[in-house]
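Undergrad: turn this into a model:
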Amino acid sequence: MVDRRLRHILRRWGIRLRIVESLIWVPWGVSGGLAFGVALALAARWRPLLATPRLATWVGLLALAGGLITLGVIWLRARSLHRLARVFDRRFLLSERLVTAVEIGENRLAATPDIAAAQLTDTLGVVSEASPRSRLPLRGSRGALAALTVAAVALSFLFWLPNPQEDVLRRQAAAREAVEEQLEALEAMREQVAQAEGLSDAEREALLRALDEALAALDEGRATPEEAIAALSEAEQALAPLQDPGAEAVESGLERAAEGLADSDLTEEIAEALAAGDYQAAAEALAEIAETEAEDLSEEEARELARELAEAADALAEVDPELAEALAEAAEAFDLGDLEEAREAMQAAAEELAEAGEAIDQQALVEEVLAELQEGRGEVAEVAGTVAGGSNAVGVGQQDQPGHHEDAGSADPYDPEYDPDRIDEDGAGVNVGRDDDEGVPVGNVALPAPQDGRSIVPYQEVYPNYAGEAGAALEGSYIPLGMKQIVREYFGRLEP
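TA: As a prediction, the model looks like this:
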């Protein structure tokens, strides 16, 4: 067994050795971490990886990790007495006295008791005169300190220089925030659709399916702005067939009918309900007149009610013929004094009104969902600096391509004739020439430019085409109800 005094000396020197190694190697470990930080900072200037505050945090963590890993290796690595004896024999120039004493104590080297005692006494005497301060000085490595300084200066310079990727990162963060906002908005909209009353099963299923698909696409790995725009566009296209262009007209017709019905005390409650958009309440008020109040009407009140119903029928004749017909029949029956027929017609009108109200409410919810999708798509596109559907790219292309201006109805001159070359089967350019009176090509003669440089298509001929296209777009694609009227007014003012 190794002598207790010798073990104590070796362990005490071992602690000092670890301290010395820490002073030397920990700066190298920190320098290595900072070197990784420099590489990361350079990469962050090439690709939008990390913003400067997060980059600084990562650099600090890398430096700390380098230092801690080095400390862990130094202090947690086990060292036997035999290994320590070899190290200190070499450091203190003890001519293997410590190794010999340890091997004798561990019975790895045979020796008589007298020789073992003499060798141990000699070893302890020499060791007592050794100076750990001179042989194990507590100082760091100049090379490590120099490397640490260079890495710190390089990082300071990289942090000080403006990073062109910062703007990209800010836009990406804003885009991610916009996607998150759309997720929350669509989840709230889905809850509203799930609890909405008056929707048919098919419409509810279609709305929920489109919203679920959009939510899944947005939430899958937190979609990029482009993926979010595509998902919202697909959901919008899936819901477009649920639009009912006639619902807006019916709603407008009911508003006009409410204005007329408000003139009479008999129909004032119906008018108020219609004006408030509570069509079910209006239908119940109409049915209540048929069930309870019709019998108590005087002849004058009956005529007044007939007049109000007839005016309402006229307001709805073009937009809801069934409801208008039921109201007209009730008005005619009151005029003729046929109370039973009037009550039946008013009951039928109440049912038609309830159905029309349900259709309007359903369409309003569809419009609200579509508007939410459209608004979300626009917000994500705006924040991401892109335009959904490629409209921006098309606009740029139209501006760059030679040709006439968009304001065909104005007196502004056309741009120079746009005459592109065709490419033949061998890839050579072919200038498209003119034809003579018989349709035979006449060489590579360019088409002449307009003589006076002015529009050659009369405005009166252009307008119907544009107005027709706008009308088709209003009916065939999703445009919020409030915006449709603006488009109509715009083309109405342009009409020659």
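Undergrad: what about Ala364, which SS state?
TA: helix (DSSP: H, G, I helix; E, B strand; the rest coil).
Undergrad: for this protein, which helix or strand comes out least confident on mean pLDDT?
TA: helix 391-400 (a mean of 36; mean pLDDT, DSSP states H and E).
Undergrad: can you list the low-confidence ranges for the stretch 251-400 of the chain?
TA: 293-296, 384-400 (pLDDT under 70).
Undergrad: in stretch 249-257, what's buried?
TA: Judged by neighbour count (16 or more other CB atoms under 10 Å), stretch 249-257 contains these buried residues: 250-251, 253-254, 256-257. All C-beta atoms are positioned from the backbone trio N, CA, C, and that covers glycine.
Undergrad: out of those residues, flag the one nearest to Ala235.
TA: Among those, Glu251 lies closest to Ala235 (CB to CB), at 24.6 Å.
Undergrad: so that closest one, which state does it fall into?
TA: helix.
Undergrad: how near is the closest residue in space to it that isn't next to it in sequence to Asp314?
TA: Once flanking residues are discounted, Glu251 sits nearest to Ile360: 5.1 Å by CB to CB, 6 or more residues apart in numbering. Separation of Ile360 from Asp314 (CB to CB, to the nearest Å) stands at 20 Å.
Undergrad: between these two, which one's more packed in?
TA: Ranked by neighbour count (other CB atoms under 10 Å), Ile360 and Asp314 place Ile360 first, with 20 against 17.
Undergrad: what helix or strand is the more buried one located in?
TA: Counting by DSSP states H and E, the element that carries Ile360 is helix 339-384.
Undergrad: buried residues in stretch 194-213, which are they?
TA: 196, 198-199, 203-204, 206-207, 210-211.
Undergrad: and for stretch 42-58?
TA: Within stretch 42-58, the residues that count as buried by 16+ other CB under 10 Å are 44-45, 48, 50-52, 55, 58.
Undergrad: export that stretch as CSV, just CAs?
TA: Provided in CSV are the C-alpha atoms of stretch 42-58 (Å, rounded to 0.1, in the frame of the first residue of the first chain):
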residue,chain,number,x,y,z
LEU,A,42,-19.8,35.4,-41.0
ALA,A,43,-22.5,32.9,-42.1
ALA,A,44,-25.1,35.2,-40.7
ARG,A,45,-23.9,37.9,-43.0
TRP,A,46,-24.3,35.6,-46.0
ARG,A,47,-27.6,34.0,-45.1
PRO,A,48,-30.4,35.3,-42.8
LEU,A,49,-29.7,33.0,-39.9
LEU,A,50,-29.8,35.1,-36.7
ALA,A,51,-30.4,38.7,-35.7
THR,A,52,-27.5,40.4,-33.9
PRO,A,53,-29.0,40.1,-30.4
ARG,A,54,-29.6,36.4,-30.8
LEU,A,55,-26.2,35.9,-32.6
ALA,A,56,-24.5,37.6,-29.6
THR,A,57,-26.3,35.2,-27.3
TRP,A,58,-25.2,32.2,-29.3
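Undergrad: looking at it now, give me its mean pLDDT.
TA: What stretch 42-58 shows for mean pLDDT is 90.
Undergrad: start at 425 instead
TA: Shifting the count to begin at 425 puts that one at stretch 466-482.
Undergrad: any idea how far that stretch is from the chain center?
TA: Here the centre of stretch 466-482 is set off from its chain's centre by 22 Å, with CA atoms, centre = their mean, to the nearest Å.
Undergrad: residues contacting it, please?
TA: 461, 464-465, 582-583, 587-590, 592-594, 596-597 (CB atoms under 8 Å, 6 or more residues apart in numbering).
Undergrad: among those, which are in helices?
TA: 461, 464-465, 582-583, 589-590, 592-594, 596-597 (DSSP state H).
Undergrad: and which of these is nearest Phe512?
TA: Using CB to CB, the ones in helices among the contacts of stretch 466-482 come closest to Phe512 at Gly461, 37.3 Å.
Undergrad: what is the neighbour count of that closest one?
TA: Count around Gly461 with other CB under 10 Å applied: 24.
Undergrad: verify the stated contact: it with Ser580.
TA: No: under the criterion of CB atoms under 8 Å, Gly461 makes no contact with Ser580, lying 11.2 Å away.
Undergrad: joint contacts of the two?
TA: Joint contacts of Gly461 and Ser580 (CB under 8 Å, 6+ apart) do not exist.
Undergrad: alpha carbons of the helix or strand where Arg557 lies, as CSV, please.
TA: Remark: Arg557 resides in helix 556-559, with elements defined by DSSP H and E. C-alpha atoms of helix 556-559 as CSV (Å, rounded to 0.1, in the frame of the first residue of the first chain):
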residue,chain,number,x,y,z
PRO,A,556,5.6,23.6,-6.6
ARG,A,557,5.5,27.3,-7.2
SER,A,558,8.5,27.3,-9.4
ARG,A,559,7.7,24.0,-11.1
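Undergrad: list the buried residues of it.
TA: Neighbour-count burial for helix 556-559 flags Pro556 (criterion: 16+ other CB under 10 Å).
Undergrad: what does that helix contact?
TA: By CB under 8 Å, 6+ apart, the surrounding residues in contact with helix 556-559 are 437, 440, 515-516.
Undergrad: tabulate these (TSV), appending pLDDT.
TA: Putting the contacts of helix 556-559 into TSV (pLDDT from 0 to 100) gives the following:
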residue	pLDDT
Trp437	94
Arg440	94
Arg515	91
Phe516	91
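Undergrad: quick check: Asp687 touching Leu729?
TA: No: counting by CB under 8 Å, Asp687 does not reach Leu729; the two are 11.5 Å apart.
Undergrad: re earlier: show me which of the ones in helices among the contacts of stretch 466-482 are buried.
TA: Using 16+ other CB under 10 Å, the buried ones in the ones in helices among the contacts of stretch 466-482 are 461, 464-465, 582, 589, 593, 596.
Undergrad: mind putting the residues you listed into JSON lines with distance to Leu751?
TA: Listed next are those as JSON lines, based on distance: CB to CB, whole Å:
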{"residue": "Gly461", "distance to Leu751": "80"}
{"residue": "Leu464", "distance to Leu751": "76"}
{"residue": "Ala465", "distance to Leu751": "77"}
{"residue": "Leu582", "distance to Leu751": "79"}
{"residue": "Gln589", "distance to Leu751": "68"}
{"residue": "Leu593", "distance to Leu751": "63"}
{"residue": "Gln596", "distance to Leu751": "59"}
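Undergrad: and which of those is nearest to Ala541?
TA: For those, the nearest to Ala541 is Gly461 (57.6 Å; CB to CB).
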